[in-house]
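Peer 1: sequence first, predicted coordinates after that:
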Amino acid sequence: MAGDATTVDDFMVAHARDFNCLADEDRTTRKRALQKLSSLPSTQPPDVLAHAWEAALRVPVLKAFADPVEKNRELAVALATELFGALPAPALAATLPYAMPVLVARVGGAPVAEGSEELRLQLLGLLRTLVDRGGDALAVHLPELTQILAASFADPFPDAKKLGCALAVAVAAALPTHVEPHCAPLVRALQPAFAHQHSRVRAAATEALVALLLREPSVLVEVAPQLAAVATDRAPAVREQAVSSIAELLARMPQRNQHAARLLPLLVCALSDDVDPLRQQALTALTRLGDVFYAEIATAAAPAAAAPVTTDLADAADAASGAEPTPMETDGAVAAAAAAAAAAT
């Protein structure tokens with residue numbers, strides 16, 4: 001333990017006035033207290049922070065998320081974010097039942113309660129800290145997480161939309177065995193983002209869509225038009241993300257054969273893209289996917305004699321470096337894709 005009981009007690013006595021000032025009626029007093037306490041996460045050991053958070057900070061700091069003064073809300077969220085990054089894992093897990101309802105109240109409603117765009121972004125950043133460190137303790141809070149993510153997808157602030165999409169990817173990775181029931185509503189809430197005027201929002205939405213579909217592919221038929229739209233998006237960066245995402249779906253989905261006939265043509269179309277690196281990326285993805293499909297067909301036809309599949313499926317979405325694809329290479333990739341689609345149907 002980094003600090004003994006005497007150290008903790010001394011610390012609490014030394015900062016008692018600052019803790020009390022967090023609930024003062026005067027806005028300036030609250031502000032000064034938050035400013036003085038902002039250095040705690042970087043100067044105190046985790047056990048001291050855990051005791052201070054539970055005994056004196058948790059209630060007033062979380063309450064300050066709704067402070068009528070924007071600066072005080074900003075300071076409170078910044079302090080909580082730093083603390084959540086420094087608290088021991090058990091203390092962080094214990095605070096989730098208190099923190100999640102506050103986050104829902106601030107950024108999970110419609111209309112959203114927090115009027116400041118930058119503060120909504122800051123609150124989503126705090127949530128990212130919880131997702132990165134919360135582990136399985138977050139599973140029981142997935143309904144609240146889903147509510148916040150859906151609200152972030154609809155946020156008028158483009159940066160909040162992008163961070164919400166990144167959070168969806170992080171949640172799918174952090175809770176892969178728990179998130180499945182929540183994927184379909186999240187996918188539906190995400191769909192308007194594909195028509196957003198900012199290309200970076202559309203690209204982020206595409207990445208989030210794939211992360212959710214990999215956990216619950218049953219809604220792929222429903223969102224196939226969105227995938228087709230981003231595959232032919234006017235922005236090269238969005239088309240690039242679409243090629244990577246579609247290849248990743250085909251590489252990692254256990255049900256790839258069921259959806260190959262729907263997804264492979266989108267990659268084939270990318271072989272004629274007017275951007276050279278995109279054509280090369282599509283060629284590489286199709287070639288590697290052709291190897292995967294061929295290995296699966298061979299294994300199914302002769303399971304006893306077939307060699308184990310050694311292709312790294314995650315590499316199917318990697319962009320290749322080198323020369324522009326030759327007509328012979330392109331024809332080969334198309335043929336492999338057509339054969340895989342035929343086998344899948």
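Peer 2: Happy to help now that I have it.

Peer 1: show me which positions of stretch 40-54 end up buried.
Peer 2: 40-41, 44, 46-53 (16 or more other Cβ atoms under 10 Å). Where you see a C-beta, it was placed from the backbone N, CA and C, and this is true even at glycine.

Peer 1: do you know how far the residue nearest to residue 21 when sequence neighbours are not counted is from residue 66?
Peer 2: Closest residue to residue 21 apart from its sequence neighbours, by Cβ to Cβ, 6 or more residues apart in numbering: residue 33 at 3.7 Å. Note on residue 33: its distance to residue 66, by Cβ to Cβ, to the nearest Å, is 16 Å.

Peer 1: that older thread, out of the buried residues of stretch 40-54, list just those in helices.
Peer 2: 40-41, 46-52 (DSSP state H).

Peer 1: before we move on, the earlier item: more neighbours: residue 33 and residue 66, which one.
Peer 2: residue 33 (23 against 14; other Cβ atoms under 10 Å).

Peer 1: host element of that one?
Peer 2: Assigned by DSSP states H and E, residue 33 belongs to helix 27-37.

Peer 1: cool, residue 155 as well?
Peer 2: Judged by DSSP H and E, residue 155 forms part of no helix or strand.

Peer 1: tell me the contacts of the nearest residue to residue 69 once chain neighbours are set aside?
Peer 2: Nearest non-adjacent residue to residue 69, counting by Cβ to Cβ, 6+ apart: residue 27, 4.8 Å away. Listed by Cβ atoms under 8 Å, 6 or more residues apart in numbering, the contact set of residue 27 reads 67-69, 72.

Peer 1: what subset of those is buried?
Peer 2: 67, 72.

Peer 1: report the distance from stretch 80-89 to the chain centre.
Peer 2: 20 Å (Cα atoms, centre = their mean, to the nearest Å).

Peer 1: got the buried residues for it?
Peer 2: Buried residues in stretch 80-89, counting neighbours by 16+ other Cβ under 10 Å, are found at 80-84, 86-87.

Peer 1: which one of these is nearest to residue 229?
Peer 2: Of all those, residue 229 sits closest to residue 81, with 35.8 Å by Cβ to Cβ.

Peer 1: mind checking pLDDT for residue 258?
Peer 2: For residue 258, the model assigns a pLDDT of 83.

Peer 1: low pLDDT regions in the stretch 201-345 of the chain?
Peer 2: 302-345 (pLDDT under 70).

Peer 1: wait, residue 229 sits on residue 196?
Peer 2: No. Between residue 229 and residue 196 there is no contact under Cβ atoms under 8 Å: 11.8 Å.

Peer 1: and residue 147, what is it in contact with?
Peer 2: Per Cβ under 8 Å, 6+ apart, neighbours of residue 147: 104, 108.

Peer 1: so what's residue 64 closest to, chain neighbours aside?
Peer 2: Nearest to residue 64 is residue 76, by Cβ to Cβ, 6+ apart, at 3.5 Å.

Peer 1: dump the residue contacts of that neighbour.
Peer 2: 34, 61-62, 64-65, 67.

Peer 1: what's the closest of those residues to residue 110?
Peer 2: residue 65 (18.2 Å).

Peer 1: tally of neighbours for residue 263?
Peer 2: Counted with other Cβ under 10 Å, the neighbours of residue 263 add up to 25.

Peer 1: helix or strand: which one has it?
Peer 2: Element membership of residue 263, judged by DSSP H and E, is helix 256-270.

Peer 1: go through that helix and flag the buried ones.
Peer 2: 256-257, 259-260, 262-268, 270.

Peer 1: and for stretch 176-189?
Peer 2: For stretch 176-189, the buried set under the neighbour-count rule, 16+ other Cβ under 10 Å, comprises 179-180, 182-187, 189.

Peer 1: and what of stretch 218-235?
Peer 2: Buried residues in stretch 218-235 (16+ other Cβ under 10 Å): 219-220, 223, 226-231, 233.

Peer 1: helices - which of the residues you listed land there?
Peer 2: Within the buried residues of stretch 218-235, residues falling in helices by DSSP H are 220, 223, 226-231.

Peer 1: which one of the residues you listed is nearest residue 210?
Peer 2: Distance to residue 210, by Cβ to Cβ, is smallest for residue 227 among these, at 9.0 Å.

Peer 1: just checking, what packs against whichever strand or helix holds residue 239?
Peer 2: Assigning secondary structure by DSSP H and E places residue 239 in helix 236-252. Under the contact criterion of 3 or more Cβ pairs under 8 Å, 6 or more residues apart in numbering; DSSP states H and E, helix 236-252 touches helix 199-213, helix 220-231, helix 256-270, helix 276-301.

Peer 1: now those in JSON lines, with distance to residue 14?
Peer 2: Below are these laid out as JSON lines (distance: least, Cβ to Cβ, whole Å):
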{"stretch": "helix 199-213", "distance to residue 14": "45"}
{"stretch": "helix 220-231", "distance to residue 14": "56"}
{"stretch": "helix 256-270", "distance to residue 14": "61"}
{"stretch": "helix 276-301", "distance to residue 14": "58"}
